[in-house]
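[1] The amino acid sequence is not available; the structure is as follows:
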């Protein structure tokens, strides 16, 4: 809160001061985007779980931060993180995949901004950084999935002129350990 002081000069040369407390709406704090480090895996896992809750499937998350650390150390995936006030508030977790028709692509597996930090442009900065990462690697395609009911996400991607192919079905086989 800032105090605004207004000085009034009265006709008898006496100064009067009026103090008006006023909330000044600051611009959002600075956002930085960087590559994840192994030390970030607990925060990354927290945001992945938050996304699973939003997608109504928290019970589907069977990974742990320790597994993330192992897999990250083995270059199974990479991740960009968004930082606000020294806290990780967004992630773009991805890996390089290969299309026999199109060549290498980046597959964006999880893309999430903490619910308390949405609407500040963090998602756009993260997604732009991911697209730049693809360009820097000479990769010309980024691919992801979005739930058909997740209208805010669909609208977000539409701003990038993304195309959605509804003719393919997703196939999955779970191999038990």
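    Yep, that arrived. Every value quoted in this text rests on a predicted model; they were computed, and no experiment measured them.

[2] Not including adjacent chain positions, what is the nearest residue to residue 123?
    If you skip the residues right next to it in sequence, residue 123 has residue 113 as its closest partner in space, 4.9 Å away by Cβ to Cβ, 6 or more residues apart in numbering. For every residue, glycine as well, the C-beta is placed using N, CA and C.

[3] got a list of contacts for the lengthiest strand in the chain?
    The strand spanning the most residues in the chain, taking DSSP state E as the definition, is strand 87-99. Under the contact criterion Cβ atoms under 8 Å, 6 or more residues apart in numbering, strand 87-99 has outside partners 36, 40, 43-44, 47-48, 76-83, 104-114, 116-117, 122-123, 126-127, 129-130, 133, 137, 139, 141, 143.

[4] doesn't residue 162 make contact with residue 127?
    No. Contact criterion Cβ atoms under 8 Å: residue 127 and residue 162 do not qualify, at 10.0 Å.

[5] one step back: show me what contacts the residue nearest to residue 123?
    For residue 113, the set of contacting residues under the criterion of Cβ under 8 Å, 6+ apart consists of 82, 89, 90, 122, 123, 126.

[6] Give me the helices and strands touching the helix or strand where the last one lies, please.
    When secondary structure is defined by DSSP states H and E, residue 126 falls within helix 122-136. Under the contact criterion of 3 or more Cβ pairs under 8 Å, 6 or more residues apart in numbering; DSSP states H and E, the helices and strands touching helix 122-136 comprise strand 31-35, strand 78-84, strand 87-99, strand 103-113, strand 142-144.

[7] Comparing those, which comes out most buried?
    When neighbours are counted by mean count of other Cβ atoms under 10 Å, the highest per-stretch mean among those falls to strand 78-84, a mean of 21.

[8] quick one: strands adjacent to that strand?
    According to DSSP bridges, strand 78-84 forms sheet pairs with strand 31-35 (antiparallel), strand 87-99 (antiparallel).

[9] State the mean pLDDT of that strand.
    pLDDT averaged over strand 78-84 equals 97, rounded to a whole number.

[10] now that strand, how far from the centre of its chain.
    In terms of Cα atoms, centre = their mean, to the nearest Å, the centre of strand 78-84 is set 7 Å apart from its chain centre.

[11] and if you look at stretch 30-50?
    Distance of stretch 30-50 from its chain centroid, counting by Cα atoms, centre = their mean, is 9 Å.
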